[in-house]
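Enquirer: just coords:
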């Protein structure tokens, strides 16, 4: 940012409305000096949105020169490269509750960074309940500081309200690229501490029950840094043959549920995990007969705004907006248009089990692999190497009205089957999975016992190249008996074969 | 029951207070004729308490002579032999959501009865949401029928309110052994259907928010049968060396949490699964400094009433009372004493995720086995054969303030280790387990990454006979890398060795 004194004074007036904080402005490098080795740091940022743009990168630079290792807690993943730079510089001792960075992932899998994979609703709970060590410093991106010292968040809320309340010190990053009229798209509410916790009074996605700003004790604000760097854009993958096939299976299923009288054309509030399948499914609604849809989700992607624009989606509740560059301008240049259609909540509200069940959410999440009994692995490659993390999929799947998991049937030129005898890591148990979908087809597991589930999954979801062998596994396991027939000595043979020969095929 | 006309008239007046229902009284055998092949039957009964004493057994007798197979849904397990007799007679096609019967278990594992193992909070949800087929007939034990036709339950509520609302026809079993003043120990509340579901307004275990009786359309009542058979008594095992050791580890942990300021001497509402470990833990509170304790649980066992009597437990909320013969008399001969100290709720209220999180429940449940990363198997022997079912352990563990799982470190003269490289079936993932306890010691997993969890578990929970080999597994797995190091080809080797040689030892 080029320094211009008049612009700076104007910016300060506009963005720091509490007089006593105006002398807290420092550079990112200066702010980064506040971190000490072994500190627990909380940071804003949820799937790239609203993360620290300059202070954490400045910490990464500092860590390249001196030994400083922190425990970093965020909302969810950070923007492009931040986690990678911190990991590269050796600045991360421990990281939670979610990440997606290639460099960090390698460090985690090499055992150099300790990662805690948490349900996204739970990190704030664990802090409030003192089941995690206290936060020394928080770094929070804000649009501006209001006259009472309270904070206006930007494109995500994540765990920022918790960090603001509990951290010992707070560094604020005021992002001048975020327009001032972002005020009001957030609904900041925090449950009372135990044993005095009350009802969270949300009964519909559009209910706003809290404040517009995050309360904070201004004495805790140790530094303020200005930035004008926008969020890393989401990489939006256009629907392809497989994701379109998956979306079509889901759409046909919903249509049939309406026909059977199980759902209305309004469906129920939708949750969709991030990524191209979720985008494909939501895109599928555009040309459907469904109407007056709502979302009660974690992340709003491009497709949510496309659905709002097309008149299909009446309201969307989430914890962050993670969109492409084009969509970012569309949203933030037209906030008055979207203001009454969206709300961003703290993730311990957007993802809280009680609300998901109360609202009757239809949850659609992505699996890495699932097995013939409907257990789902969302996180690990061959049982050992983590990809990203469980995110909010557990919060939603367990408590949903309908819990749907999707994955491609096979990949790598069909060397890998994503439907297996036994998953190599379990994130979602058979108890929590209603519907499984691959590009091959949909398995409706409701009301089925394990042996029934297996046959429906084999018949509907498996890639033809693997169907015969999977049927053979199931048939031979059944001969040995059991409620959930398995051949333990063979259960992981497909994974082992893959690692030995490069293919799961015999 | 010996037939005495005057007694019968008196009994009818007292127990059937709605005139139009008095001519519905039939024998159990007559009532059993209402069942048809392939019907879906809902029945009262939760861990032996308040189940059908004569109608389901009469159905079992009928099924010995003619082909009739039903799908049977209950609250949880039924009393002594009922499930066994039904299974033996071939009367069960499908069974959900829980069972503990030896005969039925064998039929399930042989593939002759299809069992659906469900979170106990979910069965009612699935029925209301039409994710399960509709209930044709319900069999409900009641103390009496009130003047408006509504039903006074007995020793459990379970899913009875749901069955009364949704079943096509209802058979009532009036149990004259249950005193009339049982009225008022139940709190019958059902959430609204989607999309109009409202807040469940419970903020403390003692809140009563509903009716005293179960509403029902009297036109649905197809038959009334009298019985005076009391619930099968619970088998109370006195604390032994192992369960006492486990209880002591937990008590020391709680004391330390109080010392650290994480909890007060009142703790938070307790949930304890059924069985001897739970009884031992609750018994441990008797001579402790904790006071004004509460329970928000599923089942009240003898130990809960002992704690009430000793002045330690102020209030207990659950879905059933499952006690020994001695305790049964103590409770039901002194209902005025316990009336203000207990409440029985429908299991979709006692176990609902939102309330468990809102109240901050401390959940203590039993594992069959757990692994070095803290994944828990609650249901399966060697990955295939079911024992009982997940019950409410998932409802509580996922949403608890603290989630504790207990098991003995080793059994069968230490041929079997209950701490393993990898569990053979996952019911509770690493994400949902805070504390693991065996008779050897306690592993506090809060704030730990998988590699840290493994070392803490190996150091604290494993039986010495298995420690070295488990450490070797972990060390060798780490060499291969990964966030969750495993050797897939060896992960189940302990289970396989057990089945081949009768011991997990090399």
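Expert: Here it is on my side, so go on. Values in this document were obtained by computation on a predicted structure and should not be read as measured data.
Enquirer: which SSE is residue A:140 in?
Expert: Assigned by DSSP states H and E, residue A:140 belongs to strand A:137-142.
Enquirer: what's the helix or strand just after that strand in contact with?
Expert: Later in the chain than strand A:137-142, the nearest helix or strand by DSSP H and E is strand A:144-145. Strand A:144-145 has contacts (C-beta atoms under 8 Å, 6 or more residues apart in numbering or on different chains) with A:14-18, A:21, A:151-152, A:172, A:174, A:180, A:224. For glycine as for every other residue, the C-beta is placed from the backbone atoms N, C-alpha and C.
Enquirer: Can you tell me which of those are classed as buried?
Expert: Buried members of the contacts of strand A:144-145, scored by 16 or more other C-beta atoms under 10 Å in any protein chain shown, are A:15-17, A:21, A:151-152, A:172, A:174, A:224.
Enquirer: can I get those residues in TSV with pLDDT and secondary structure?
Expert: Formatted as TSV, these follow (pLDDT from 0 to 100; DSSP: H, G, I helix; E, B strand; the rest coil):
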residue	pLDDT	secondary structure
A:15	97	helix
A:16	98	strand
A:17	97	coil
A:21	97	helix
A:151	98	strand
A:152	98	strand
A:172	98	strand
A:174	98	strand
A:224	98	strand
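Enquirer: which one of these sits closest to residue B:340?
Expert: Comparing the buried ones among the contacts of strand A:144-145 against residue B:340 with C-beta to C-beta places residue A:151 closest, at 46.5 Å.
Enquirer: from memory that closest one sits against residue A:142, does it?
Expert: Yes. In this structure, residue A:151 is within contact of residue A:142 by C-beta atoms under 8 Å, at 4.6 Å.
Enquirer: What distance separates the opening and closing residues of stretch A:114-125?
Expert: 20 Å (C-alpha to C-alpha, to the nearest Å).
Enquirer: and it, how far from the chain's centre?
Expert: Centre-to-centre, stretch A:114-125 and its host chain are 11 Å apart (C-alpha atoms, centre = their mean, to the nearest Å).
Enquirer: Contacts only, for residue A:476.
Expert: residue A:487.
Enquirer: Do you know the pLDDT at the residue of the stretch 301-450 of chain A found nearest chain B?
Expert: Nearest residue of the stretch 301-450 of chain A to chain B, counting by C-beta to the nearest C-beta: residue A:354, 2.3 Å away. At residue A:354, the pLDDT value in this model is 97.
Enquirer: State the three-state secondary structure for the closest residue to chain B within the stretch 201-350 of chain A.
Expert: Residue nearest to chain B within the stretch 201-350 of chain A (C-beta to the nearest C-beta): residue A:262, separated by 4.6 Å. Under DSSP: H, G, I helix; E, B strand; the rest coil, residue A:262 falls in the coil class.
Enquirer: My guess is it contacts residue B:129. True?
Expert: Yes. Applying C-beta under 8 Å as the test, residue A:262 and residue B:129 come out as touching, 7.4 Å apart.
Enquirer: higher neighbour count, the two?
Expert: residue B:129 (18 against 15; other C-beta atoms under 10 Å in any protein chain shown).
Enquirer: Contact partners for the more buried one?
Expert: Applying C-beta under 8 Å, 6+ apart, the residues near residue B:129 are A:262, A:360, A:401, B:194.
Enquirer: between the residues you listed, which has the most around it?
Expert: Of all those, residue A:401 has the most neighbours under the rule other C-beta under 10 Å, reaching 25 neighbours.
Enquirer: which ones are touching the residue nearest to it when sequence neighbours are not counted?
Expert: Spatial nearest neighbour of residue A:401, chain neighbours left out: residue A:360 (3.9 Å); criterion: C-beta to C-beta, 6 or more residues apart in numbering or on different chains. Residue A:360 sits next to A:268-269, A:400-401, B:129, B:194-195, B:197 when contact means C-beta under 8 Å, 6+ apart.
Enquirer: can you do 7 Å?
Expert: Contact partners of residue A:360, counting by C-beta atoms under 7 Å, 6 or more residues apart in numbering or on different chains, are A:268-269, A:401, B:194-195, B:197.
Enquirer: distance of whichever residue of the stretch 401-506 of chain A sits closest to chain B from residue A:47?
Expert: Minimum separation of the stretch 401-506 of chain A from chain B (C-beta to the nearest C-beta) falls at residue A:482, amounting to 3.0 Å. Plainly put, residue A:482 is 41 Å away from residue A:47 if you go by C-beta to C-beta, to the nearest Å.
Enquirer: and the two? which has more neighbours close in?
Expert: residue A:47 (33 against 21).
Enquirer: Spatially, what comes nearest to that one if we skip its sequence neighbours?
Expert: residue A:322 (4.5 Å).
Enquirer: what's the burial count for that neighbour?
Expert: Residue A:322: 29 neighbours (other C-beta under 10 Å).
Enquirer: Per-residue pLDDT of it, please?
Expert: At residue A:322, pLDDT is 95.
Enquirer: That one contacts residue A:49, correct?
Expert: Yes. Between residue A:322 and residue A:49 there is a contact at 4.8 Å, judged by C-beta atoms under 7 Å.
Enquirer: since we're on the nearest residue to residue A:366 once chain neighbours are set aside, how many residues are nearby?
Expert: Spatial nearest neighbour of residue A:366, chain neighbours left out: residue A:273 (5.2 Å); criterion: C-beta to C-beta, 6+ apart. By the criterion of other C-beta under 10 Å, residue A:273 has 24 neighbours.
Enquirer: contacting residues around residue A:273?
Expert: A:364-366, A:393.
Enquirer: can you tell me how far it sits from residue A:244?
Expert: Taking C-beta to C-beta, one finds residue A:273 at 17 Å from residue A:244.
Enquirer: Run through chain A and note the low-pLDDT ranges.
Expert: Within chain A, the stretches with pLDDT under 70 are A:1-4.
Enquirer: run the last query once more with 90
Expert: For chain A, applying pLDDT under 90 flags the ranges A:1-13, A:79-81, A:234-239, A:273-281, A:283-284, A:287.
Enquirer: Next up, the contacts around the spatially most central residue of it.
Expert: For chain A, residue A:391 is the residue whose C-alpha lies nearest the centre (C-alpha atoms, centre = their mean; 4.9 Å). Counting by C-beta under 7 Å, 6+ apart, residue A:391 makes contact with A:76, A:98, A:120.
Enquirer: Switch these over to a markdown table; also include neighbour count, distance to chain B and secondary structure.
Expert: Compiled in a markdown table, those are given as follows (neighbours: other C-beta atoms under 10 Å in any protein chain shown; distance: C-beta to the nearest C-beta, whole Å; DSSP: H, G, I helix; E, B strand; the rest coil):
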| residue | neighbour count | distance to chain B | secondary structure |
| --- | --- | --- | --- |
| A:76 | 30 | 15 | coil |
| A:98 | 25 | 12 | coil |
| A:120 | 28 | 11 | coil |
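Enquirer: can you list these in JSON lines and add distance to residue B:248?
Expert: What follows is the contacts of residue A:391, written out as JSON lines (distance: C-beta to C-beta, whole Å):
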{"residue": "A:76", "distance to residue B:248": "40"}
{"residue": "A:98", "distance to residue B:248": "37"}
{"residue": "A:120", "distance to residue B:248": "36"}
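Enquirer: and which of these is nearest residue A:428?
Expert: For these, the nearest to residue A:428 is residue A:120 (14.4 Å; C-beta to C-beta).
Enquirer: Could I get the phi/psi values of that closest one?
Expert: Backbone torsions of residue A:120, given as degrees, to the nearest 10, read phi -70, psi -20.
Enquirer: Just give me the neighbour total for the residue lying closest to it once chain neighbours are set aside.
Expert: Computed as C-beta to C-beta, 6+ apart, the closest residue to residue A:120 that is not its neighbour in sequence is residue A:392, at 4.3 Å. Counted by other C-beta under 10 Å, the residues lying close to residue A:392 total 28.
Enquirer: is it true that residue A:232 touches residue A:82?
Expert: No. Using C-beta under 7 Å as the test, residue A:232 is too far from residue A:82 to be in contact (8.5 Å).
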